[in-house]
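Provided below for reference: sequence and predicted model.
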Amino acid sequence: MELKNISKAFDGKQVLSDISIVVPKGSRVLISGVSGRGKTTLLRIMLGLIKPDSGEVIGAFSKQAAVFQEDRLQAEFTPVTCVKMVCAPHVSRQEICAQLGEVGLAEHIDKPTGKLSGGQRRRVAIVRAVMSDADAIFFDEPFTGFDGKTKLTVIDYINRHTNGKTLVFVSHAAEDAELLKAKEIRI
């Protein structure tokens, strides 16, 4: 994927101005920058959810998954059901439970996600994206609200289960690039 000279404004306020980046297939990048710099807007442009005012996106990925700042889970569904909905048909309940267990959710797999804490729901959303059939996964501030141990557990999980996939992260924490084995792009 290549972004060429991307610019975007909202209500007359310039959020992105002439941004150009290349995200090679199978790579990992972390987009960092101060609050209000347009990181989430750039991610939404990459996902095709909003259009830039100028510039172009070349080579968008055909199968994409995303972890948004809001978890976007169905409150009445269990974590297993939320994940199963995006998996290939051959993925078993046992596999899903095992991966949910890897991020500390073994005791919560059959509870409605609406009864889980925000951090637990965030981990379900991450497992859902990782286990999807997507070639590219976009993560918008995925570790917000995690304590240090949980963050490292989830990063380890992502690193072990996403080989060959293109990963794009948005984070305020530039040190996440090293933990995620990602190239940092500051905007």
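Done, it's in.

When you work out contacts or count neighbours from here on, use the C-alpha atoms and nothing else.
Noted.

From residue 12, how far off is residue 43?
Relative to residue 12, residue 43 is positioned 20 Å away (CA to CA, to the nearest Å).

CA atoms only: put stretch 57-64 into PDB for me.
Output in PDB follows, covering the C-alpha atoms of stretch 57-64 (Å, rounded to 0.1, in the frame of the first residue of the first chain):
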ATOM      1  CA  VAL A  57      -4.100   5.500  -1.800                       C
ATOM      2  CA  ILE A  58      -2.500   2.900  -4.100                       C
ATOM      3  CA  GLY A  59      -2.800  -0.800  -3.600                       C
ATOM      4  CA  ALA A  60      -5.300  -1.100  -0.700                       C
ATOM      5  CA  PHE A  61      -5.400  -4.500   0.900                       C
ATOM      6  CA  SER A  62      -8.400  -6.700  -0.200                       C
ATOM      7  CA  LYS A  63      -8.900  -8.500   3.200                       C
ATOM      8  CA  GLN A  64      -8.600  -6.100   6.100                       C
END
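
need the contact list for the residue minimising distance to the centre of the chain.
Centroid-nearest residue in the chain: residue 139, 1.8 Å away (criterion: CA atoms, centre = their mean). Applying CA atoms under 8 Å, 6 or more residues apart in numbering to residue 139 gives the contacts 66-68, 167-170.

Residue 29: which of those is nearest?
Proximity of these to residue 29 (CA to CA) peaks at residue 168, which lies at 5.0 Å.

Would you check that the closest one makes contact with residue 31?
Yes: counting by CA atoms under 8 Å, residue 168 does reach residue 31; the two are 7.4 Å apart.

picking that back up, export the contacts of residue 139 to JSON lines and tack on distance to residue 56, secondary structure and neighbour count?
Shown next, in JSON lines, are the contacts of residue 139 (distance: CA to CA, whole Å; DSSP: H, G, I helix; E, B strand; the rest coil; neighbours: other CA atoms under 10 Å):
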{"residue": "66", "distance to residue 56": "21", "secondary structure": "strand", "neighbour count": "25"}
{"residue": "67", "distance to residue 56": "23", "secondary structure": "strand", "neighbour count": "23"}
{"residue": "68", "distance to residue 56": "23", "secondary structure": "coil", "neighbour count": "19"}
{"residue": "167", "distance to residue 56": "20", "secondary structure": "strand", "neighbour count": "27"}
{"residue": "168", "distance to residue 56": "18", "secondary structure": "strand", "neighbour count": "23"}
{"residue": "169", "distance to residue 56": "20", "secondary structure": "strand", "neighbour count": "27"}
{"residue": "170", "distance to residue 56": "20", "secondary structure": "strand", "neighbour count": "25"}
